[in-house]
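A.B. asks: whatever this is, show me its structure:
(one chain, ligands or ions: 1)
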Amino acid sequence: RRILVLHGPNLNLLGLREPQHYGRDTLDDINQRLIQQAKAAGFTLETLQSNAEHVLIERVHAALNDGTAFIIINPAAFTHTSVALRDALAGVKIPFIEVHLSNVHAREPFRQHSYFSDLAQGVICGLGASGYELALAHVLMQMAQTPNP
Ligand code: DQA
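C.D. replies: A predicted model of the protein is given here:
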């Protein structure tokens, strides 16, 4: 069973992009920590970043047939715009956790609506890169408790 971590648009720029909101870690730093954390618990974790909505949607569809048990997603700007990515997650019915590095509720009003939060198992925002690690800790706990299908 595998865990899929999806990162939306502009997250490839982490490290240089608005560090006051998003911190200094690069996306690769974050991904490597998550891969190690999952591996230590005996699970495979795959990451994908894309600036293209259709690439993320098609990866969600593929998750139906590749043993993905959980998705952790930071939809980035698509959080506030993408009915299509929301519908993909609703369609595959794979449980997911929504993560944001910044506290979107303390920022511009347009960041306060998410097309994902009502479908998510839970939402973590404002804790920086550790938000992903906390989400993964929760996923790993649930996977350890659920016997292999
Ligand atoms: C973000 C918050 C979004 O509003 C923004 O468009 C992003 C990143 C975050 O991680 O804080 O690109 O999802």
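A.B. asks: lowest-pLDDT helix or strand in this protein?
C.D. replies: Every helix and strand in the chain was compared by mean pLDDT, DSSP states H and E; the lowest is helix 19-22, with a mean of 87.
A.B. asks: what is the helix or strand just after it packed up against?
C.D. replies: Beyond helix 19-22 in the direction of the C-terminus, DSSP states H and E gives the next helix or strand as helix 27-40. Applying 3 or more CB pairs under 8 Å, 6 or more residues apart in numbering; DSSP states H and E, we find helix 27-40 packed against strand 2-7, strand 44-49, helix 130-145. C-beta here means a position set from N, CA and C on the backbone, and glycine is covered the same way.
A.B. asks: let's see it at 10 Å
C.D. replies: On a contact count with 3 or more CB pairs under 10 Å, 6 or more residues apart in numbering; DSSP states H and E, helix 27-40 meets strand 2-7, strand 44-49, strand 68-74, helix 130-145.
A.B. asks: fine, thanks again, bye for now.
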